[in-house]
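Enquirer: Need a 3D model of the sequence below.
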Amino acid sequence: MATFEEQTECIVEALFSDLLGEDESACRSLETDLGVRCAAPQSEESAEELPTKFDPVVIASRLRQMGDRCNMDFESVSSEALAEVLKGKMEKFGTAVETLSQSWCDQNAELVYERAFLCVSVKLLTHVIKKVSATVQPIQLIKVINGNSRVRNHIEACGGWVRMQRWW
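Expert: Numbers count the residues shown, from 1 in each chain. Predicted coordinates for the structure are as follows:
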């Protein structure tokens, strides 16, 4: 069994591959692969159908969907760290994600921090890749996710990456 860090690395590599269009045929959705909706199971029988096998491509696809649903406009946000990231200076990526996630949660009381963190990190990564792809590397997102104990603990408490669709 791979560690949380190793699984995160595999997921982020799959996400990068998808975002850069390197292997579009490999990107699958949870709904298609599992034959179930991402909503909570309707019965105990359908709960047993949830995946038990780690598939980083499916999880990366779900993360991308989450990022796609994030409606944050980075160009209109005032943040020194974000301004640096938007210029391609990725050293501030983690700080920008943390600031934006916390701000988004403060504005939307019903929003769960861990979900906001993952949504913002993927959305910002996607945005920066479109602007300055040469400066963006998978390790930047890997470090941000693995380095946030609150997000990691939440993912692990919910059954790990493999059970991701259950808690989103």
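Enquirer: List the neighbours of stretch 102-115 that are in contact with it.
Expert: 66, 72, 77, 101, 116, 120, 150-151, 154-155, 168 (Cβ atoms under 8 Å, 6 or more residues apart in numbering). Just so you know, the C-beta spots here come from the backbone N, C-alpha and C atoms, and that holds for glycine as well.
Enquirer: Now the longest helix along the chain: average pLDDT?
Expert: Determined from DSSP state H, the single longest helix within the chain is helix 113-132. Mean per-residue pLDDT for helix 113-132: 93.
Enquirer: quick one: the helix or strand just after that helix to helix 113-132, angle?
Expert: Downstream of helix 113-132, the first helix or strand assigned by DSSP states H and E is helix 138-146. Per axes from the mean of the first three to the mean of the last three Cα atoms, to 10 degrees, the angle that helix 138-146 makes with helix 113-132 is 170 degrees.
Enquirer: Buried residues in the helix or strand that helix 138-146 is followed by, which are they?
Expert: Downstream of helix 138-146, the next assigned helix or strand under DSSP H and E is helix 149-157. Neighbour-count burial for helix 149-157 flags 151-152, 154-155 (criterion: 16 or more other Cβ atoms under 10 Å).
Enquirer: just checking, residue 2 touches residue 53?
Expert: No: using Cβ atoms under 8 Å, residue 2 makes no contact with residue 53, being 11.8 Å away.
Enquirer: Looking at those two, which is more packed in?
Expert: Counted by other Cβ atoms under 10 Å, residue 2 and residue 53 do not tie: residue 2 has more neighbours, with 13 against 6.
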